[in-house]
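Undergrad: Build the 3D model from these lines:
(chains A, B and C)
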Amino acid sequence: MSYLNKAAMRSKTGFWPNNRGTILGVAAFAVIIAIIPFTASSSMMNIAVFSMIFALPAIGLSLLMGLAGQVSLGQAAFFAIGAYTHAILLQKFEMPGPVAAVGGVVAAMLAALLIGLPMLRLRGHYLALATLGLGFIVMIAVREWEFTGRTTGIYGYGRPEVFGIPIDNNGLFFWFVAPFVLIGLVLALNLTRSRAGRALSAVNDSELAAESLGVNTYALRVKVFTLSAGFAGLGGVFYAYQVQIVSPQVAEFHVSVELLLMVVLGGLGSVWGAVAGAFIVELLSEGLRDLIPAIIPGATGEVQLIGYGLVLILVIILLPGGLYQVVKSAWAAISARIGTRADAAAKPASAVAVDDGSGEVPTRAFGGLPGEAPAGAGLDEVADAAASDAPIPTVSTPVAAGQPILEVSGLTKRYGGVVAVDDVTLTVPAGQIMGLIGPNGAGKTTCFNMITGAIAPTSGTVRFLGEEIQGKKPHVGADAGLTRTFQNLQVFSSTDVVGNVYMGRYRKGRAGILRGMFGLQGREQYAHEEIAHDILDSMRLGDVAGLAAGDLPFGRQRMMEVCRALAAEPALLLLDEPMAGLSGSERELLAQLLRALRDAGLTIVLVEHDVAQVMALADTVAVLDDGVLIAHGDPESVRNDPAVIVAYLGTDAEEAEAELKELEDQS
Amino acid sequence: MIDFLQLTVAGLSQGSVYALLAVGLIATYTVRHVVNIAQGDYATLAGLGSISLVTAGLPLPVAILIALISVTLASVLIERLVIARVKNLTTLVSIILTLGVSTLLQAIMLLIWGAEAKRLPAFPGSDVTLGGVSIRSQELWMLGALVVVGGGVLLFYEKTRWGKALRASAEQPVAARIVGISPAVASIIAFAIAGFVGATAGVVSSPIYLSIWSGGLLLGLKGFVAAVLGGLVSFRAAIVGALLLGIIESYVAGYVASGWKDAVAFFILIIVLIIRPAGLVLRPNAVRV
Amino acid sequence: MHRAQRRLLVPAAVAASIALALTGCGASNFGGDSGGGEAAEDGPIKIGAVLDITGVGANLGVPEQNTLNMLAAQLNADGGIDGREVELIIKDNQSTEDGAAKATTQLIENDDVDLIIGSSRTGPSLAMRPLVEAAQVPTISVAANAAIVDGSEWVFKTAQNDLVVLERILDDAESKGYTKIALVRDATGFGEGIADIITELGEERGITLTATEAFEPSATDFTAQMTNIRAADADAVIIWGITPSAGLAQAAYVQLGVNKPVYQSHGVANDAFFEAAGPAADGVIAPMGRLLVADQLADDDPQKAVIDQFIADYSEEFGSSPSSFAGHAYDAWLVGTEAIAAAGTEPEALRDAIEATTDLVGISGIFTMTPDNHSGLTADALIMALAEGGRWTLYEE
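TA: Next up is the predicted model:
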């Protein structure tokens, strides 16, 4: 069954199937663009031209909000910077159009870089407010500066010319902008599906997990923010060309609100939605300007704002996914109806598909693993075959077995007066499984978090492969080959199971934002997807690869996280309570895999509550109590260490030992 | 020297408006983690409302009282109808949402009161001249409003059981429950406070600065800058920050160029966010991720 | 597979909605027949107007809009020009420069107008200038700053030049023995260059400019500017702006106790000034056209008949008396329609006809244009008015 599924999944990994939506969509859009100037009335044409111009900053903002999870309330500032730079280069320096346009885009991006570098280190809403402030600063600066023409602005530069044809009417101008919007659209669509784009959406699901897989969140956000400003700058360039004057009003806050509305209305993170939003908001604005004075006599001025405000509120409350969500769920309803009809026609093939989607099959399959009554022998055979066929995931072995791979020294964490971890010193040799145990609140997870960089230690050092990594962001350690799983699951819920494991491949990939935008990473991406499938197969998750990660049962989500961590080909794997929530057979499977990985050279540190599991699995065991390392050695000596027994189970050593035995026997 | 003092007086009275708005912003931020972009619009709404009431023939104190109560209720209504409706209200979503509220409020004010700035009659009192520095009586009213209303909010939060619980509910919803305040009630109280202080700022400032439909946004944002100076949690630091902001703005307008006045706040905002994102009072790492 | 289809549907929906929204009647969006060929000579005469109807210039744009609508209706009731109907298309620039540029582009490209009137203020008028010059459409601005017509080929204006207004102010200041003048000016196009002109004109009159402050037309707080003006200790102060901001500035000036005489510009020649300034307006002297003091004019004043007729018509139509700005619009309409009547709508002929305007009696003055003088008014077009008890009175020097 997993093979069937695999085949179905992998047939997608070609250029055409992967890009069909984009190609057909863009082609349809291009046809409409070609036709519009012949059919639209002149007032509609005017709206269409401005919609196209504003679609560019809207696409940029959509990338920023959808991918980077950040909001800019000053998108108009970058729009204005692009427009002003373009106009000034044309008018005062008499540069050729293309050079001036590039200048406009670059200026906008530089401004974004300057503001983004400090701001993106802070929480999301600070960027929103800083960009809002930037909008006002830009507006005031151009208004007060002689060079930018003060309140009147820059004017008196000519219309653009293409091959000697002056672009001096709306029809031609529409076609003049269109290629740039189309290219921008394709680039943005590519980006959302690229390695960087998927990493960013993973960041939105769980920043910690993404960083632990090597994603440098900060750097990516800065890049996307800069890119988004570039789109805005390009829009500004065309605005300057179309309106023939750039005055301080282009930087006004209302323009930023308009752009924000386009993105929110279209659907956060949907590039197509941003384009649709641009058209709808421009139409809405024009329509309301006519409508409101008709309803309320004497209403003048920016009456369209009432619509902006209402739509913004209603969309956020009732339709957080915007139009994209509407179209998506409408399509789901339609295809479900069509799908049931198709099922009736082609039963055998679709039966598998339907089972796949229900999420019941996997549970049944795992319910009948070795050691329990074979409830579904047929399925088990397939699963077993898959497991034995699948090779062990690749691991990296940068140091010889027995050499220290992780050295922790004097590690301490204080919260106010409370010492959570106190002066822990510990060396993990390569090629071993080390168990880290201790009662609740002993500081195990805090230790993990300090080692992986999720929190900074108060003092002490963490050396991984000889490099000090304490206090550095998780992606630093992850880059070097240190990955982890989480006690509280950190699943990327916006993607499917294979998408989660694919994210594990992040550090093995190369393609950056540019390659992603130009779609030049398909081959790399397919290779990683193949590997992700293989790893899922080795953990018998191949059959659920296409399910939404959040729909899996708890235990299998945990297994998926292990797969995700393994996909990174780590040298050191830190597992935080990997057995919690797993069924007996799943535990057995995981234990087997961990042993096999250890034999292949991987170093594993696991925090576990299940003492028996640890004792059975680990080569060495370390015990934390109240933040202090009280024992460290082979399982047998630790088990008999009186301090451990007391720490673990109370004051009476003998009684405790008995209970400990009892506990082990039970499991 | 006289000019310097004159500009200082002007800055202090302008700063008192920012301070009241900052108090409102912090009230909602501490309880709901909502950055309320519409805070400044409460001020213009109250200003315009009271102007209409005075024009309709009501005595000034009655008009002001009605405006204060109405805007307070409007703020609570906004909390119930809009803010409380969003399930997953992150700070970021709150910004977009309240931006929508602000835009809507502005449009409504534009439709009702038109595009022109309007002025509330000055409160009773006569202007005084102290050593060449002329102090308008309305400026004293503005500072007085800050002392009474701002101080009142401060006392409420620091001295009363409910106030303390409200502050606690920001960090620990459970703590508030123990005192008997549900998160919903806490949120309503916070928005009522925000509405009341915003409205107060609007009516006391209208005789000097006038009320115009679009004026609230910038006022609110400057209040926000002041609130950031207080790390978005400290009322005292925010009030001090607001008065400082008003004075700096006034000096820039007087000594540099009046056109740059409105940019000052945002330069300060960006510089503070870069250097001390936790505001002037907290440890720098307290607010960082 | 499903995902690919889903991705496909969103663009499809986008496309469908755009297509739906944009299908209108099949007008040409590629510029139309440019230049108004022979056929256009028979159709209606199209006059476009771009005015500051909303925003900070609304006090100017609204009466101008009223005036143009009234005059167009009157003209068509009288049978139009040479039997051709006059179609008036008014667009609001929202008191913004880019709004003016957008509206002008639409008038030229979509409506193919023969003549454009506007904008109300200097900044938007400057924004329109390169567009109409390039498209060669005769345009008459109703704003003040001389830069609008400086060296222009196709742009004219009917408001009194700032230069002559300042001459009148400085003449009056000189006669009163003032030597130091301070300026508080509008920060937009209307106020730009004013300080230079005062310095230049002041030289020959022994008057120096001691301080210059600026304010946005949207400003409501003038404390900082007036504090500096007070410190400048000049003999008199010129406040140069439009209502309501210039009126609010006047109020702040008095509130801060700067007890020096104030001159304002012709930008406050309306009743809105008194609404904004209140009792602080008393004693202000401003040069302006004769319209606002029409009842005090001598019977033999050559403009009296025209002005009285306009006031009567406007008051009947709109229930309030017209402002100077309404007068500027009247003059623009008058100059434009007279020229069309004389030369038709062929652009170059029409421009030449406007340039040939001679001794045409309007509301703001008596116009005589030449190819080098696109403004047409002299200092005679101005009187000095004194603000007294909420209205303007003729001020005897």
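
Undergrad: drop to CA atoms for contacts and neighbour counts, all remaining ones
TA: Noted.

Undergrad: Flag the shaky bits of the chain, pLDDT-wise.
TA: Just going to use chain A. A:1-15, A:17-18, A:124, A:341-391, A:648-660, A:663-667 (pLDDT under 70).

Undergrad: Chain C, not that one
TA: Regions of chain C meeting the criterion pLDDT under 70 cover residues C:1-28, C:31-41, C:397.

Undergrad: can you give me the helices in it?
TA: Here chain C has its helices, by DSSP state H, at C:2-22, C:58-77, C:97-109, C:122-135, C:162-175, C:194-203, C:223-232, C:245-255, C:272-277, C:304-318, C:324-343, C:347-355.

Undergrad: Same check on the stretch 51-200 of chain B?
TA: In the stretch 51-200 of chain B, the helices defined using DSSP state H, counting those that start in this stretch lie at B:60-81, B:91-113, B:137-145, B:151-159, B:161-171, B:173-179, B:183-209.

Undergrad: between the ones you listed, which one is nearest to C:Ala326?
TA: helix B:91-113 (24.2 Å; CA to CA).

Undergrad: by contact count, what packs against the closest one?
TA: helix A:124-144, helix A:305-318, helix B:39-55 (3 or more CA pairs under 8 Å, 6 or more residues apart in numbering or on different chains; DSSP states H and E).

Undergrad: mind putting these in a markdown table, distance to A:Gln487 included?
TA: Below are the helices and strands packed on helix B:91-113 laid out as a markdown table (distance: least, CA to CA, whole Å):
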| stretch | distance to A:Gln487 |
| --- | --- |
| helix A:124-144 | 26 |
| helix A:305-318 | 33 |
| helix B:39-55 | 41 |
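
Undergrad: Go through these and pick out the most buried.
TA: helix B:39-55 (a mean of 27; mean count of other CA atoms under 10 Å in any protein chain shown).

Undergrad: got the buried residues for the helix or strand encompassing A:Ala112?
TA: Using DSSP states H and E, A:Ala112 sits in helix A:97-119. Along helix A:97-119, these residues count as buried under the neighbour rule (16 or more other CA atoms under 10 Å in any protein chain shown): A:97, A:100-113, A:115-119.

Undergrad: Within reach of chain B, which of these are there?
TA: Among these, the residues within reach of chain B (CA under 8 Å from any CA of the partner chain) are A:118-119.

Undergrad: Which positions within stretch A:524-534 qualify as buried?
TA: Neighbour-count burial for stretch A:524-534 flags A:525-526, A:528-534 (criterion: 16+ other CA under 10 Å).

Undergrad: Could I get the CA-only coordinates of that stretch as CSV?
TA: In CSV, the C-alpha atoms belonging to stretch A:524-534 read as follows (Å, rounded to 0.1, in the frame of the first residue of the first chain):
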residue,chain,number,x,y,z
GLU,A,524,17.2,19.6,-5.6
GLN,A,525,13.8,19.7,-4.2
TYR,A,526,12.7,16.5,-5.8
ALA,A,527,15.7,14.7,-4.5
HIS,A,528,15.0,15.8,-1.0
GLU,A,529,11.4,14.8,-1.3
GLU,A,530,12.5,11.3,-2.3
ILE,A,531,14.7,11.0,0.7
ALA,A,532,11.9,12.3,2.9
HIS,A,533,9.7,9.5,1.6
ASP,A,534,12.4,6.9,2.2
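
Undergrad: Show me how far that stretch is from its chain's centre.
TA: 18 Å (CA atoms, centre = their mean, to the nearest Å).

Undergrad: Nearest to chain B within the stretch 551-667 of chain A, name that residue for me.
TA: Of the residues in the stretch 551-667 of chain A, the one nearest chain B is A:Asp551, at a distance of 20.1 Å by CA to the nearest CA.

Undergrad: wouldn't C:Val268 be in contact with C:Thr243 here?
TA: Yes: with contacts counted by CA atoms under 8 Å, C:Val268 reaches C:Thr243, the gap being 5.6 Å.

Undergrad: got the residues of chain A near chain B?
TA: Counting by CA under 8 Å from any CA, chain A sits next to chain B at A:70-71, A:118-119, A:122-126, A:128, A:130, A:133-134, A:136-137, A:140-141, A:144, A:296, A:299-313, A:316-317.

Undergrad: Let's see that with 6 Å instead.
TA: Chain A comes close to chain B at residues A:118, A:125, A:130, A:133, A:137, A:299, A:305-306, A:309, A:312-313, A:317, as judged by CA under 6 Å from any CA of the partner chain.

Undergrad: Check chain C too.
TA: Neighbours of chain B within chain C, by CA under 6 Å from any CA: C:220-221, C:224.

Undergrad: Serialize those to a markdown table and add fields for distance to chain A.
TA: Formatted as a markdown table, these follow (distance: CA to the nearest CA, whole Å):
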| residue | distance to chain A |
| --- | --- |
| C:Thr220 | 17 |
| C:Asp221 | 17 |
| C:Ala224 | 17 |
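
Undergrad: related to what we said a few turns ago, reformat the helices of chain C as TSV; add distance to A:Val222 and mean neighbour count.
TA: Below are those laid out as TSV (distance: least, CA to CA, whole Å; neighbours: other CA atoms under 10 Å in any protein chain shown):
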stretch	distance to A:Val222	mean neighbour count
helix C:2-22	27	18
helix C:58-77	43	20
helix C:97-109	32	25
helix C:122-135	37	25
helix C:162-175	50	19
helix C:194-203	46	17
helix C:223-232	40	22
helix C:245-255	43	24
helix C:272-277	48	21
helix C:304-318	58	16
helix C:324-343	52	24
helix C:347-355	54	21
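
Undergrad: Export those to JSON lines and append columns for distance to A:Ala28.
TA: Formatted as JSON lines, those follow (distance: least, CA to CA, whole Å):
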{"stretch": "helix C:2-22", "distance to A:Ala28": "7"}
{"stretch": "helix C:58-77", "distance to A:Ala28": "45"}
{"stretch": "helix C:97-109", "distance to A:Ala28": "29"}
{"stretch": "helix C:122-135", "distance to A:Ala28": "35"}
{"stretch": "helix C:162-175", "distance to A:Ala28": "56"}
{"stretch": "helix C:194-203", "distance to A:Ala28": "56"}
{"stretch": "helix C:223-232", "distance to A:Ala28": "58"}
{"stretch": "helix C:245-255", "distance to A:Ala28": "52"}
{"stretch": "helix C:272-277", "distance to A:Ala28": "55"}
{"stretch": "helix C:304-318", "distance to A:Ala28": "53"}
{"stretch": "helix C:324-343", "distance to A:Ala28": "49"}
{"stretch": "helix C:347-355", "distance to A:Ala28": "43"}
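
Undergrad: tell me the contacts of B:Thr44?
TA: B:Thr44 makes contact with B:202, B:211, B:216, according to CA atoms under 6 Å, 6 or more residues apart in numbering or on different chains.

Undergrad: Let's see that with 8 Å instead.
TA: B:199, B:202, B:211-213, B:215-216 (CA atoms under 8 Å, 6 or more residues apart in numbering or on different chains).

Undergrad: Adding secondary structure and neighbour count, write these out as JSON lines.
TA: Below are the contacts of B:Thr44 laid out as JSON lines (DSSP: H, G, I helix; E, B strand; the rest coil; neighbours: other CA atoms under 10 Å in any protein chain shown):
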{"residue": "B:Ala199", "secondary structure": "helix", "neighbour count": "35"}
{"residue": "B:Gly202", "secondary structure": "helix", "neighbour count": "35"}
{"residue": "B:Ser211", "secondary structure": "strand", "neighbour count": "28"}
{"residue": "B:Ile212", "secondary structure": "coil", "neighbour count": "25"}
{"residue": "B:Trp213", "secondary structure": "coil", "neighbour count": "25"}
{"residue": "B:Gly215", "secondary structure": "coil", "neighbour count": "20"}
{"residue": "B:Gly216", "secondary structure": "helix", "neighbour count": "25"}
